[in-house]
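In: have a look at this fold, sequence not included:
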C-alpha cells in the first residue's frame with residue numbers, strides 16, 4: 001500500500017498593506033503596480049483591470065508550480081520503490097549503504113532545493129496578490145484591517161488549496177503509470193520550459209543558486225516577504 005502523501009502547504013504571512021499610501025508600500029510592491037501591472041498613475045487602467053490581472057497571476061501560478069510538483073512526486077515514488085525493494089529481503093551491505101546515501105540525497109534535494117523553490121514561487125505570487133488587494137481598498141476607508149484580512153483569506157485560500165489538489169492529483173496519476181522498477185528509473189518527461197542540456201545534479205545546483213539569489217528584491221537589496229511551507233498528510 002502506498003503511504004499517504006505529506007503535502008507541502010504554503011502558509012502566507014498576514015496581510016500587511018491596509019491603510020498604507022502608495023509611497024508607503026514596499027518597493028517591490030510599488031514596482032509591480034507601476035512597471036509590470038501598470039495599474040497606478042501615470043497609467044490609466046479600466047475598471048476591470050484589477051480583476052483581470054488577479055485572474056492572470058492566479059492562473060499562472062499553477063503552471064509555475066508544475067515542474068516543482070513533478071520533482072516532488074518523482075522523488076516520493078523513488079523512495080517508495082526503494083523501500084519496497086529493501087523490504088523484500090536483506091540486501092548486501094554495499095547495496096544497503098547505497099540506499100542510505102540515496103535517501104540522504106533525496107531529503108537534501110527536497111528540503112534544500114524543492115521546498116525553498118516552492119516557497120519562493122508562492123512568495124512572489126502573494127506579493128502580486130496583496131498588491132492587487134491594496135488597489136481594492138481605494139474608496140473603501142470604512143473597512144478595518146481585520147476586514148481586509150478576511151477578504152484576502154476568502155480570495156487566496158481557495159487558490160492555495162487548489163495548488164495542493166494539483167500536487168495530489170499528479171501523485172495519483174503517477175501511481176497509475178506503468179513504472180520500470182529496475183534501476184529506480186522514475187523520470188517524468190521533461191516540460192518544454194525546463195532547462196535541457198543540464199544534468200540532474202547540475203540542474204539541482206543551478207536551481208539552488210537561482211532561488212537563493214531571487215529571494216532578494218531586485219535593485220533594492222531588500223528581502224522579499226516570506227510565508228512558510230508546512231508539511232501535512234493528504
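Out: Perfect, thanks for sending it. Here the structure is a predicted model, which is why all the values come from computation and not from measurement.

In: and the helices in this structure?
Out: 27-31, 49-87, 93-109, 115-136, 145-175, 200-214 (DSSP state H).

In: in the chain, which helix or strand is least confident?
Out: Comparing every helix and strand of the chain by mean pLDDT, DSSP states H and E singles out helix 200-214 as the least confident one, with a mean of 46.

In: nearest to residue 13, of the helices of the chain?
Out: Taking C-beta to C-beta, helix 115-136 is the member of those nearest to residue 13, at 7.8 Å. C-beta coordinates here come from the backbone N, C-alpha and C atoms, glycine included.

In: how about stretch 147-160: buried residues?
Out: By neighbour count with 16 or more other C-beta atoms under 10 Å, stretch 147-160 contains the buried residues 148, 151-152, 156, 159-160.

In: ok, residue 168 - how many residues close by?
Out: Residue 168: 14 surrounding residues under other C-beta atoms under 10 Å.

In: that one contacts residue 6, doesn't it?
Out: No. Using C-beta atoms under 8 Å, residue 168 is not in contact with residue 6; the gap is 11.0 Å.

In: okay, now the unreliable bits of the protein?
Out: 1-3, 85-96, 99, 176-227, 229-234 (pLDDT under 70).

In: same thing but 90
Out: 1-9, 41-48, 74-108, 138-142, 171-234 (pLDDT under 90).

In: if we can go back for a sec, okay if I get the buried residues of stretch 147-160 as CSV plus distance to residue 172?
Out: CSV is the format used below for these (distance: C-beta to C-beta, whole Å):
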residue, distance to residue 172
148, 36
151, 33
152, 30
156, 25
159, 21
160, 19
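
In: quick check, nearest of those residues to residue 10?
Out: For the buried residues of stretch 147-160, the closest approach to residue 10 (C-beta to C-beta) belongs to residue 160, at 5.7 Å.

In: now do the contacts for the closest one.
Out: 9-10, 12, 122 (C-beta atoms under 8 Å, 6 or more residues apart in numbering).

In: now swap in residue 71 and tell me
Out: Going by C-beta under 8 Å, 6+ apart, the list of residues near residue 71 reads 109, 114.

In: one step back: name the stretch among the helices of the chain that sits most buried.
Out: Across those, averaging neighbours per residue (mean count of other C-beta atoms under 10 Å) puts helix 115-136 on top, at a mean of 21.

In: any idea how far apart the tips of stretch 133-152 sit?
Out: 7 Å (C-alpha to C-alpha, to the nearest Å).

In: likewise for stretch 103-116?
Out: 19 Å.

In: that older thread, now tabulate the helices of the chain in JSON lines and tack on distance to residue 43.
Out: Formatted as JSON lines, the helices of the chain follow (distance: least, C-beta to C-beta, whole Å):
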{"stretch": "helix 27-31", "distance to residue 43": "13"}
{"stretch": "helix 49-87", "distance to residue 43": "9"}
{"stretch": "helix 93-109", "distance to residue 43": "42"}
{"stretch": "helix 115-136", "distance to residue 43": "12"}
{"stretch": "helix 145-175", "distance to residue 43": "23"}
{"stretch": "helix 200-214", "distance to residue 43": "26"}
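
In: of these, which is nearest residue 16?
Out: Nearest of the helices of the chain to residue 16, taken as C-beta to C-beta: helix 115-136 at 7.7 Å.

In: got the angle for that closest one vs helix 49-87?
Out: 160 degrees (axes from the mean of the first three to the mean of the last three C-alpha atoms, to 10 degrees).

In: packing partners for helix 115-136?
Out: strand 6-11, helix 27-31, helix 49-87, helix 145-175, helix 200-214, strand 228-233 (3 or more C-beta pairs under 8 Å, 6 or more residues apart in numbering; DSSP states H and E).
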